[in-house]
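S.K.: Sequence first, then the predicted structure, then my questions.
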Amino acid sequence: MELYGKKRALEALDRFSQSGRFPHALLFTGDKGIGKKVLADHTAMMYMCSGSGKKPCMRCNECRRVEQHIHPDVVYPLSAMEKGKYNADGLREFISGCYIKPNDGDIRVCVFESLDEMSVICQNTLLKFIEEPLEFNRYIFTAARKEPILQTVLSRVTAVAVDPVTEQELAKALAEHGISASRAAELYGQFGGNIGTALKYEQNGEEMQYYHAAVKACDAIAEKKELDCLLAMSSLKTREEIFAALGILTDIFAQAAAYKSGKGTAEKYMDRTKRIASTYSLGAISGMYTEALRLYGLSFTNPNVKLFAAECCGALFDAAESANRR
Ligand SMILES: [Zn+2]
């Protein structure tokens, strides 16, 4: 298990560990593909490791079982849910199982992936569970964004941001998968330091419909062609794809705003970030960003996909226009 570019997050974990006050609930935040799950596993190993010296040793039986996801006391509720999505009944059943003592040791680690995709009902169910933690339970959460998470839940977790890797680190990680340095440089221009997304795109790019739709929508926005934007977004068939595409658009607007105001370089989605920045005023970009974030925040609702695609395009263009009118 190689941990590329996780320096800041690992330092935070070390600090917690050395202070003797390891938070009982941790939240790793960062884009999909950035390495939150790897870090969650690493943290679970810190809890479970039976080796001597610095934990995790990554060699002992406990560490190996965590790495292979076969440790009976490191549990991943999302993978046990019907259709791979949280539902209130499934979550309650999982939680009731956690009131029983762990199987092998003194600690159980519950890894709740994609906390930001949990409905409000599920988050409230979870809240009761983490508010009164049992001494043997530890919680690790992952989320791409904090906005859809209830403030009451956020206030009970310690958030640790997972950073993208550098261009050199990306090249090194991709080389392990036989990807050339020149191709890695291209992928860095598209996805920035996101190893998971770059790999996924390289290995089955044609399946990443949401990515293709998002870049088409972005090009249409850069050219101020609302109909093309609508066509791109309407090509998506599921709500998951729409929200994944919205996530990418949110990213591009955030970067374009930073680039335009001279606070950031356009590392990710380089060409598109620059095009958005050159077409629109900072106010318009900020407006589109805020709007994209609001739409993304609806990810736990269940909108009609076609109508929602149209709403997204309309809302983004409106936001840009109303900023220009001010
Ligand atoms: Zn170990």
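M.R.: Cool, got the structure.

S.K.: Okay, now the unreliable bits of the protein?
M.R.: Across the chain, the stretches falling below the confidence threshold (pLDDT under 70) are 1, 300, 326.

S.K.: Just want the most central residue of it.
M.R.: In the chain, the centroid-proximal residue (C-alpha atoms, centre = their mean) is Ala144; its distance is 2.4 Å.

S.K.: My understanding was that that residue contacts Asp31; is that so?
M.R.: Yes - judged on C-beta atoms under 8 Å, Ala144 makes contact with Asp31 at a distance of 5.8 Å. The C-beta positions use only the backbone N, C-alpha and C, and glycine is treated the same way.

S.K.: Could you tell me which residues touch both of those two?
M.R.: Common contacts of Ala144 and Asp31, defined by C-beta atoms under 8 Å, 6 or more residues apart in numbering, comprise Gly247.

S.K.: which residues touch the residue nearest to the centre of the chain?
M.R.: Taking C-beta under 8 Å, 6+ apart as the contact definition, Ala144 lies against 29-32, 114, 116, 247.

S.K.: Same question for Gly196.
M.R.: Applying C-beta under 8 Å, 6+ apart, we find Gly196 in contact with 32-35.

S.K.: Nearest to the ion among the residues you listed?
M.R.: Relative to the ion, the closest of these is Gly35; by C-beta to the ion it sits at 19.9 Å.

S.K.: And the residue nearest to that closest one when sequence neighbours are not counted, how close does it get to the ion?
M.R.: Setting aside the residues directly before and after it, Gly35 is nearest to Val162 in space (C-beta to C-beta, 6 or more residues apart in numbering), at 5.7 Å. Noted for Val162: a distance of 22 Å to the ion, by C-beta to the ion, to the nearest Å.

S.K.: Look up which helix or strand the residue of the stretch 201-326 of the chain found nearest the ion falls in, please.
M.R.: Distances between the stretch 201-326 of the chain and the ion by C-beta to the ion are smallest at Gln203, namely 30.4 Å. According to DSSP states H and E, Gln203 maps onto helix 195-204.

S.K.: Tell me which stretches of the stretch 51-200 of the chain form strands.
M.R.: According to DSSP state E, counting those that start in this stretch, the stretch 51-200 of the chain carries its strands in the segments 74-75, 108-112, 137-143, 158-161.
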